[in-house]
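> could you look at this predicted model? Sequence included:
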Amino acid sequence: MSILIRLGLCPQSPVKIDVEKVAIKAIACASMLFPAQAMAQDWSAPATSMLESLESGLVSVAAPVIGVGVIIYGIWAMVTGRIDIMRLAQLVGAGALVIFGPTALRALLSAA
């Protein structure tokens with residue numbers, strides 16, 4: 001609590017609540033007794049569908065960009081006459097992570 005005060009954060013509630021009132025107790029008890037109704041709703045559907053479309057969009061954009069990067073690096077290596085194996089390995093590894101990463105993540109989450 002003293003850390004919050006030192007940081008300038010106000011740990012006090014801006015509203016005074018009279019816990020002695022019956023209505024406040026009833027609302028608090030009802031909110032603790034009926035969380036199953038809130039969890040029964042499919043509240044995560046918008047977030048999961050957004051993340052799935054974001055994932056597929058990023059994979060479909062990043063894979064060609066990395067492929068073009070490998071091609072450009074190959075042209076640069078041919079023109080200059082020197083090739084950096086570590087940089088080429090990083091490009092190929094990044095491409096593998098972009099393509100196989102979401103599939104591995106989905107497999108790990110479904111196994112949990």
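Good, I have the coordinates.
> what about A77, distance to I85?
10 Å (Cβ to Cβ, to the nearest Å). (Each C-beta comes from the backbone N, C-alpha and C, glycine too.)
> which one of the two has more residues nearby?
A77 (14 against 7; other Cβ atoms under 10 Å).
> what strand or helix carries the more buried one?
helix 45-80 (DSSP states H and E).
> next structured bit after that helix?
Next helix or strand after helix 45-80 toward the C-terminus (DSSP H and E): helix 85-111.
> in that following helix, which residues are buried?
Within helix 85-111, the residues that qualify as buried are L91, A94, G95, V98, P102, counting by 16 or more other Cβ atoms under 10 Å.
> now those as JSON lines including distance to A47 and pLDDT?
Shown next, in JSON lines, are those (distance: Cβ to Cβ, whole Å; pLDDT from 0 to 100):
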{"residue": "L91", "distance to A47": "32", "pLDDT": "85"}
{"residue": "A94", "distance to A47": "27", "pLDDT": "85"}
{"residue": "G95", "distance to A47": "28", "pLDDT": "84"}
{"residue": "V98", "distance to A47": "22", "pLDDT": "83"}
{"residue": "P102", "distance to A47": "16", "pLDDT": "81"}
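> closest to S53 out of those?
P102 (12.0 Å; Cβ to Cβ).
> from A26, how far off is that closest one?
Here P102 is placed at a distance of 46 Å from A26 (Cβ to Cβ).
> and S53, by the same measure?
42 Å.
> then V70?
65 Å.
> so those two - more neighbours on which side?
Set V70 next to A26 and count neighbours by other Cβ under 10 Å: V70 wins out with 14 against 10.
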